[in-house]
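A.B. asks: model this:
(one chain, ligands or ions: 2)
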Amino acid sequence: MSVTGAVLLSPSPSFFPFTFFFPRFAFSHRSVERLTYTSFRVVKLIHNNIYCTYRSLLTPRQASFSAMSEDEQRVAYCKEHNIHHLFELLATKVLVERPKNPFEYLRGLLQSVEESEQKKNTYDPTQIQFQSTKTADKKELKKLTIGTFGLDNAGKSTLLTALAGEIEPQCTPTVGFSPTQFQTDEYDICIFDLGGAANFRGIWVHYFHDCHGIIYVVDSASEEKTVAESLKVLTDTLQHPYVGGKPLLVLANKKDLPGARKEAVVPDGFLEQLLLPGTPHRVVATCGVKEDLALEGGVEWLLATVGERFEQLSKRVADDCKRVKEEKDRQRAERLAALRAEAP
Ligand SMILES: Nc1nc2c(ncn2[C@@H]2O[C@H](COP(=O)(O)OP(=O)(O)OP(=O)(O)O)[C@@H](O)[C@H]2O)c(=O)[nH]1
Ligand SMILES: [Mg+2]
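C.D. replies: Ligands and ions are numbered 1, 2, ... in the order given. Presented below is the predicted three-dimensional model:
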């Protein structure tokens, strides 16, 4: 049985009596309405997975179930395999951890279920080995988020693959948002890679409040008008209230190309005019298609700078996240009120 594989391939389980099996999670239409789109899709993902697990396990056991109706078979299977417990565990993990990408996170958890099953040759959903953000000595890692911004084709994704030690000169343009996660002894670091094409720049604002530090990538070998556009977008980014004052690393990329302006792509005094007094900042010339110590040095500087101010930045991130959530809740309440007012 492939639990995780089934997630993507699962047919619509519309007949599955969800509320019957999971009375504590009985979703009426009204409560589903209240769920955010994401959490609704997470619930569907778990739901589909359980459904497929049920289907794939049911087939070889058909003989012993054959005297039962289909509904009775489902109930028997779910009772025997503690499916409600699996659902509860997954849902609790998602609610407690609030992962940035719930789908990827759930796939990881479900993979753990599958591995646990392979090891013991028996399916036991109560034995999930959760991914832990603690190191071996149980020290809690501090969560730290860095946002990477810059125009399309600047080399953001290439630089991030180079940082991960896998130079990838054939990166395709990023559509929307792609997170990269890694850990040090002290930090659990998430780097957001956001698409820089004009039609994606509008989503950047939805990530600013989460960031402890900012990376901005400029193609230092591009033509004059692209550099001017990049500096204009950098100006707008730095003036956003959720960005101002946060440590900033500007990467003047593509230094390997002839005519690259390197650090000079950012004119002298340009950042100092824009940044709030005391904002830590640095401009580093980098290359994403060859090994580059300057790139590592720049990112190490940013992480160390964020690390020195971690408490203060974390408080700010937490406050800003709370503010964003309150604003979203307020807008949702307004939309619901408007819908109710329109209802006959
Ligand atoms: N010569 C050279 N090419 C680079 C360098 N970094 C990136 N590139 C190339 O630039 C192109 C765009 O790189 P990406 O990393 O996809 O750019 P991006 O900023 O992520 O673009 P979007 O995802 O569209 O925002 C690719 O063809 C890369 O191979 C570099 O340092 N030198
Ligand atoms: Mg990209």
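A.B. asks: Which residues of the stretch 101-250 of the chain lie near ligand 2?
C.D. replies: Contact residues, the stretch 101-250 of the chain versus ligand 2 (C-beta under 5 Å from the ion): 156-157, 174. Glycine gets a C-beta too; all of them are placed from N, C-alpha and C.
A.B. asks: repeat that for 6 Å
C.D. replies: 156-157, 171, 173-174, 193 (C-beta under 6 Å from the ion).
A.B. asks: how about the longest helix along the chain: buried residues?
C.D. replies: Identified as the longest helix of the chain according to DSSP state H is helix 310-342. For helix 310-342, the neighbour count (16 or more other C-beta atoms under 10 Å) marks 313-314, 316-317, 320, 324 as buried.
A.B. asks: Residue 158 against residue 168, yeah?
C.D. replies: Yes. With contact defined as C-beta atoms under 8 Å, residue 158 counts as touching residue 168 (6.4 Å).
A.B. asks: which of these two has more neighbours?
C.D. replies: Legend: neighbour count by other C-beta atoms under 10 Å for residue 158 and residue 168, higher for residue 158 (22 against 14).
A.B. asks: which non-adjacent residue is nearest the more buried one?
C.D. replies: With C-beta to C-beta, 6 or more residues apart in numbering as the criterion, residue 158 has its nearest non-adjacent residue at 3.6 Å, and that residue is residue 288.
A.B. asks: Kindly confirm my reading that the one you found forms part of a helix.
C.D. replies: No. Under the criterion used here (DSSP: H, G, I helix; E, B strand; the rest coil), residue 288 is coil, not part of a helix.
A.B. asks: List the contacts of the one residue in the stretch 201-344 of the chain that gets nearest to ligand 1.
C.D. replies: Residue of the stretch 201-344 of the chain nearest ligand 1, by C-beta to the nearest ligand atom: residue 288 (3.2 Å). Taking C-beta atoms under 8 Å, 6 or more residues apart in numbering, we find residue 288 in contact with 155, 158-159, 161-162, 167, 169, 253-254, 295.
A.B. asks: what ranges of the protein fall below the confidence cut-off?
C.D. replies: 1-67, 70-71, 73-75, 77-90, 92-93, 95-96, 112-139 (pLDDT under 70).
A.B. asks: So which of the residues of the stretch 101-250 of the chain next to ligand 2 reach ligand 1?
C.D. replies: 156-157, 171, 173-174 (C-beta under 6 Å from any ligand atom).
A.B. asks: The residue nearest to residue 171 when sequence neighbours are not counted: what secondary structure?
C.D. replies: Using C-beta to C-beta, 6+ apart and skipping the chain neighbours, the partner closest in space to residue 171 is residue 157 (4.2 Å). The three-state assignment at residue 157 reads helix, by three-state DSSP.
A.B. asks: can you list the residues that contact stretch 161-170?
C.D. replies: 157-158, 171, 180, 182, 191, 288-292, 295-296, 299.
A.B. asks: any bit of that stretch sitting next to ligand 1?
C.D. replies: Yes. Among the residues of stretch 161-170, residue 169 lie within reach of ligand 1 under C-beta under 6 Å from any ligand atom.
A.B. asks: Can you measure across that stretch, start residue to end residue?
C.D. replies: With C-alpha to C-alpha, to the nearest Å as the measure, stretch 161-170 spans 11 Å from end to end.
A.B. asks: Between the contacts of stretch 161-170, identify the one with the most neighbours.
C.D. replies: Neighbour max across those (other C-beta under 10 Å) = residue 288, 26 neighbours.
A.B. asks: roughly how far apart are it and residue 181?
C.D. replies: 19 Å (C-beta to C-beta, to the nearest Å).
A.B. asks: go on, residue 338?
C.D. replies: Taken as C-beta to C-beta, the span from residue 338 to residue 181 is 39 Å.
A.B. asks: need the helices for the chain, in chain order.
C.D. replies: Using DSSP H, helices in the chain cover 3-9, 18-21, 29-34, 37-65, 70-80, 83-97, 102-120, 156-163, 205-208, 224-238, 270-274, 293-308, 310-342.
A.B. asks: Pretty sure residue 176 sits against residue 193.
C.D. replies: No. At 9.8 Å, residue 176 does not count as touching residue 193 under the criterion of C-beta under 8 Å.
A.B. asks: who has more neighbours, those two?
C.D. replies: For residue 176 versus residue 193, the count of surrounding residues by other C-beta under 10 Å is larger for residue 193: 23 against 10.
A.B. asks: if I pick the residue nearest to the more buried one when sequence neighbours are not counted, what's in contact with it?
C.D. replies: Spatially, and ignoring its direct neighbours in sequence, residue 193 is nearest to residue 178 (4.6 Å; C-beta to C-beta, 6+ apart). Taking C-beta under 8 Å, 6+ apart as the criterion, residue 178 is in contact with 157, 192-194.
A.B. asks: Please identify which residue in the stretch 1-150 of the chain comes closest to ligand 1.
C.D. replies: Counting by C-beta to the nearest ligand atom, the stretch 1-150 of the chain gets nearest ligand 1 through residue 150, at 5.7 Å.
A.B. asks: pretty sure residue 177 is touching residue 193, no?
C.D. replies: Yes. Counting by C-beta under 8 Å, residue 193 is a contact partner of residue 177 at 7.3 Å.
A.B. asks: Near ligand 1, which residues of the stretch 1-150 of the chain are found?
C.D. replies: residue 150.
A.B. asks: which ones are touching whatever residue of the stretch 1-150 of the chain ends up closest to ligand 2?
C.D. replies: Per C-beta to the ion, residue 148 is where the stretch 1-150 of the chain lies closest to ligand 2, at 8.5 Å. Residues near residue 148 by C-beta under 8 Å, 6+ apart: 156, 159-160, 191-194, 215-217.
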